[in-house]
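Asker: Structure for this input, please:
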Amino acid sequence: MRTIGIIVAGAALLAATATPALADTINGTPGDDTLTGTGQTDVIRGFDGKDRIRGLGGADILQGGAQGDDLLGGRGDDVLIGGGSDNNFGNLLFGAGGDDVGRGAGGRDFMNDGAGEDVFKAFGGRDSAHVGNGRDRIQLGSGPDDVGLSDDGVKDVIRCGDGSDVVEYFGPIDPLDDQHGCETITVLDGD
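Answerer: Take a look at the predicted model:
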């Protein structure tokens, strides 16, 4: 396993600098970092600070740190692990392409699964999830949560947790979807 990184002009900007086949692990610093992977499989850890982590291609593992982080998967089947945060805007997890797995933290998380068959899990806090195309599974936590989705013609499973949760459909309700424990289901039709 090889750790690769460079620091540029006062801000911690880490990027892979070797051939993609050698770029296994990219580690951040205790400060705020911008970390970018390669076109291959990477493990990218942000550690402390408000980090922005981007996976690019490959089946990547992106892991935030102690503060709210932005995790952006790529074309591969990625794992996105948000770090702990108790502020108003905790972690942003964006799956992009591929079949992704995402896990929020105890603060407020925003999850967007993108394309593919994705699994996202939130914990406590007021979380928001946007469900894209594909067979997706969303497990919400104990706070009041919001979910936005549309009729994509495949079965999505939404498990709302404790708290007053709202599911909003952009267009008609998808009859294939399962919603469990969701207090309010509304339809936004654009009128």
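Asker: Pull up the gap between the residue nearest in space to the middle of the chain and residue 67, please.
Answerer: Centroid-nearest residue in the chain, with CA atoms, centre = their mean: residue 93, separated by 2.0 Å. Distance of residue 93 to residue 67, computed by CB to CB, to the nearest Å: 14 Å. Bear in mind the C-beta positions are built from the backbone N, C-alpha and C, glycine included.
Asker: And residue 47, by the same measure?
Answerer: Applying CB to CB, the value for residue 47 to residue 67 is 10 Å.
Asker: same question, residue 156
Answerer: 30 Å.
Asker: So which of these two has more stuff around it?
Answerer: Neighbour count, other CB atoms under 10 Å: between residue 156 and residue 67, residue 156 has more, with 25 against 20.
Asker: which residues does the more buried one contact?
Answerer: 131, 135, 136, 137, 138, 149, 174, 176, 177, 178 (CB atoms under 8 Å, 6 or more residues apart in numbering).
Asker: Then residue 182?
Answerer: 147, 158, 160, 165, 166, 167.
Asker: For ChimeraX, what selects the buried ones among the residues you listed?
Answerer: Listed next is the ChimeraX selection for buried residues among the contacts of residue 182, using 16 or more other CB atoms under 10 Å:
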select :147,158,160,165,166,167
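Asker: Need the max-distance pair from the contacts of residue 182.
Answerer: Within the contacts of residue 182, two members stand farthest from each other by CB to CB: 158 and 166, at 11.0 Å.
Asker: and for the two, which residues touch both?
Answerer: Contacts common to residue 158 and residue 166, judged by CB under 8 Å, 6+ apart, are 147, 182.
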